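Asks: heads up, no residue letters with this:
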C-alpha cells in the first residue's frame, strides 16, 4: 500500500503555494471533505510544475498523463473555509517512468506561524493516453534534477 | 503514514454494494478522478452502516462524526463512466474510539467475473461535533462484534 | 423563476428516480451545494435514458454527447444529507438537434408525502465529440415519441 | 436564455478575477462539468466581496448566509483545462433581503482578446443559519451603494 516505504527519502526542497480555501470544498463537518484535499494537492502540483518550467499541459500536449497509482494522506488538523493555507510540494523520489510527490498543507496563523494540518504522498506513473507506461520526458527529468539539487 | 501497518488484519467478511459510475465522477483522463474514489468509498460505507443497523445519521443524531484521520489508496486499474462496480467494505480493526475500514472496488465483467480496480483503507476516529474524541457508541460496537463474528 | 418561459410546455409524463442524498454533496450550510444539484439531475437523467431504452452510453458509443447549453434552477427548499428524495425527469420539448428536460426534486416525507424542493430545466444539444451539432439519433427520437405519447 | 428577464438591469460595473482552470473541474467531455461552473462563479463572488471590503466570512461571523434561490446559466463556449479565464462579477439588483449577481466568464486569448464563454445570474437571499430571511447587513448595503455608483 501507499506510504509503507519506510525508507522513503523526505523532500529537501519544497515549492510553496498560498491560497484561501473555497467554500465548495467544505462539507457538513465544517472542514474540507477528505476526498477534496486532492484538489488542494493538485493546485500545489500544478503550481510546482509551472514554476519548474514544465506545466502539466506540456505532458498533455504529448498525449501523456501522470496518472496517480498510490496515494496516502494523514489528516492531522481540519482545514476550514477561508483558511489561508500554504501547500508545500516536494519530490520524494523519481524513477524512469514514475515519480512520488509529497504535499504538506499548513494553515497560516499570521506573523509567520504555520500549523501542519495535512500530509500526503502521491505516486504517479507517466502513461500515454492509451494507458501504456512510458519514460518521463527527458527535459522534465533534467528540470527535476536541477530542482532536486537546487 | 496510512497503510504502513504491515500486520493489519484483513477483513474476513465483506459488505457488497453495487452501482454504476456516474459521469460527474470522471475526469479528462476518462476515468474516475483520483480524489472522487472517496465518494465511492463513502457510498459503500453508508450502505454498510445502514445494513449493519446503525446508519451514519444515528452518529449525527448524537452530535458525533466518524472523522477520517488516515487514508491510503492503491489505484490498480481505472474505473470508467457507466462501469458496473461492486464496492466491498470490511472492518480492518476497531479500538475504543477508532476504526479502520477497507474498501475494494471491483469492476463487474458479467457472468460473475470481477476485476479488482481499487483498494483503500480509511482510519477514522469518533469525535463530537466539537472535535473531541469519544468512545464509539456501545450499540454500534455490539453490532460490529456481531458482524465480525458473523 | 429563472427559465420560466411561459410558453414552454410542461412535461406530461415524469420518470421517477428515488435515492438518498450522499454526504459528499452537502456543504457547510448543511444542505446540498447549489452546484451539486446538477449531480442529482444527472442521476435522474441517466436513469430516465436507461429506462427509455437508450442509455447515455449509446450516445457516447456513437461519439456523441448531449451537451448542456442552458440551465436554470429554482431552489425552493433545502435538500439535506440522507434525505430520501424523488427526482422526477420529463421532456419539455424536442427539436431536430436539441432537447429540454425538466427535473423536479421532491423530499419523501413518508406515507406518500412529497415536498417539492428543487425545480430545474436543462437545454441540451446533440454534438459530435468534435463539438459539431448533429441531429438526435433517429432511434432515440422514436423512443422519445413513444414516451411522450405513453 | 434562461433567466433573461428582459427588465433585469445589467450591471454597469464589473469586478474581474483572473485564474487558470483546474483539471479537477473538467469532465470526460474535456470541458468544465456544467455543475462545476458554480465553483468558478463562487471564486469570482468571493473575490468580489473581499475586494468590496465585506468578505463572505463576515456574513458567517454573524451567523448569516447568502443562500442561492435561483440560478440560470448559458453555456456558450466550453471552458477547458488550463484556460486562463476572467470571471466578471456584477450586481444586477438589490432588495432589502435579496441580491442578484451576474457572472460572465471570458477566455483570455492573449493580447487583450477576451471571448465570452459563460453567462450566469444567481439570485440570493440573506438568511440566518436557521434559514430565516433577514435584511442584508447595513454596512454591506452601504459598500454596495458605493460600488454601484463607483
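Replies: Right, received. Where do you want to start? Treat the numbers as computed from the prediction; the structure is a model and nothing was measured. Numbers count the residues shown, from 1 in each chain, chains lettered A, B, ... in the order given.

Asks: where's residue A:118 relative to residue A:31, distance?
Replies: Using C-beta to C-beta, to the nearest Å, one obtains 10 Å as the distance from residue A:118 to residue A:31. Any C-beta I mention is one placed from the backbone N, CA and C, and that applies to glycine too.

Asks: and what of residue A:111?
Replies: For residue A:111, the distance to residue A:31 under the criterion C-beta to C-beta works out to 23 Å.

Asks: higher neighbour count, these two?
Replies: Set side by side, residue A:111 and residue A:31 show unequal neighbour counts under other C-beta atoms under 10 Å in any protein chain shown, the larger going to residue A:31 at 24 against 5.

Asks: my guess is that one meets residue A:80, correct?
Replies: Yes - with contact defined as C-beta atoms under 8 Å, residue A:31 and residue A:80 form a contacting pair (5.4 Å).

Asks: re the thing from before, any residues in contact with both of residue A:118 and residue A:31?
Replies: Overlap between the contact sets of residue A:118 and residue A:31, as judged by C-beta atoms under 8 Å, 6 or more residues apart in numbering or on different chains, is given by residue A:79.

Asks: Residue A:77: which element?
Replies: Take DSSP states H and E as the rule and residue A:77 turns out to sit in neither a helix nor a strand.

Asks: Tell me, how many residues neighbour it?
Replies: Number of residues near residue A:77 (other C-beta under 10 Å) recorded here: 14.

Asks: again with residue A:137
Replies: 15.

Asks: The nearest residue to it once chain neighbours are set aside and residue A:37: what is the separation?
Replies: Excluding its sequence neighbours, the residue lying closest to residue A:137 (C-beta to C-beta, 6 or more residues apart in numbering or on different chains) is residue A:62, at 6.8 Å. In this structure, residue A:62 and residue A:37 are 29 Å apart, going by C-beta to C-beta.

Asks: And for residue A:101?
Replies: 14 Å.

Asks: which residue ranges form the helices in chain A?
Replies: Secondary structure of chain A by DSSP state H: the helices cover A:37-52, A:56-61, A:138-149.

Asks: does the second one come close to chain D?
Replies: Yes - Helix A:56-61 lies within reach of chain D by C-beta under 8 Å from any C-beta of the partner chain, at A:56-57, A:60.

Asks: ok, the residues you listed vs chain D, which is closest?
Replies: residue A:57 (4.8 Å; C-beta to the nearest C-beta).

Asks: count of neighbours near the closest one?
Replies: 15.

Asks: Excluding chain neighbours, what is closest to it?
Replies: Nearest non-adjacent residue to residue A:57, counting by C-beta to C-beta, 6+ apart: residue D:82, 4.8 Å away.

Asks: same deal with residue A:39?
Replies: Spatial nearest neighbour of residue A:39, excluding adjacent residues (C-beta to C-beta, 6+ apart): residue D:24 at 5.0 Å.

Asks: Is it correct that residue A:30 is in contact with residue A:83?
Replies: No - between residue A:30 and residue A:83 no contact is recorded; they are 11.2 Å apart, counting by C-beta under 8 Å.

Asks: related to what we said a few turns ago, please name the residues that touch the residue nearest to residue A:39.
Replies: The neighbourhood of residue D:24, defined by C-beta under 8 Å, 6+ apart, consists of A:38-39, A:42, B:27, B:33, B:35.

Asks: Quick one: buried ones out of those?
Replies: Among the contacts of residue D:24, those classed as buried by neighbour count (16 or more other C-beta atoms under 10 Å in any protein chain shown) are A:38-39, A:42, B:27, B:33, B:35.

Asks: The strand ranked longest in chain A and chain D in contact?
Replies: Among the elements of chain A assigned as strand by DSSP state E, the one spanning the most residues is strand A:113-128. No - no part of strand A:113-128 sits near chain D under the criterion C-beta under 8 Å from any C-beta; the closest distance found is 12.9 Å.

Asks: Just the buried positions in that strand, please.
Replies: Residues of strand A:113-128 classed as buried: A:117-127 (neighbour count, 16+ other C-beta under 10 Å).

Asks: Direction-wise, compare it with helix A:138-149 and give the angle.
Replies: Direction vectors for strand A:113-128 and helix A:138-149, defined by axes from the mean of the first three to the mean of the last three C-alpha atoms, to 10 degrees, enclose an angle of 160 degrees.

Asks: Can you name the residues bridging to the residue nearest to residue A:84 when sequence neighbours are not counted?
Replies: Sequence neighbours aside, residue A:108 is the residue nearest to residue A:84 in space, at 4.3 Å (criterion: C-beta to C-beta, 6+ apart). Residues in a beta bridge with residue A:108, per DSSP bridges, are residue A:114.

Asks: cool, and residue A:65?
Replies: On the basis of DSSP bridges, residue A:65 is bridged to residue A:127.

Asks: State the distance from it to residue B:78.
Replies: Taking C-beta to C-beta as the measure, residue A:65 falls 11 Å from residue B:78.

Asks: got it, and residue A:15?
Replies: 28 Å.

Asks: out of these two, which sits in the more crowded spot?
Replies: The neighbour count for residue A:15 versus residue B:78, taken as other C-beta under 10 Å, is higher for residue A:15 (21 against 16).

Asks: which residues does the nearest residue to that one once chain neighbours are set aside contact?
Replies: When the adjacent residues along the chain are set aside, residue A:15 lies closest to residue A:48, with 4.2 Å between them (C-beta to C-beta, 6+ apart). With C-beta under 8 Å, 6+ apart as the criterion, the residues that contact residue A:48 are A:15, A:17, A:89, A:101.

Asks: and the residue lying closest to residue A:60 once chain neighbours are set aside, what does it touch?
Replies: Using C-beta to C-beta, 6+ apart and skipping residues adjacent in sequence, the residue nearest residue A:60 is residue D:81, 7.6 Å away. Going by C-beta under 8 Å, 6+ apart, residue D:81 touches A:57, A:60, B:28, D:21-23, D:25-26, D:30.
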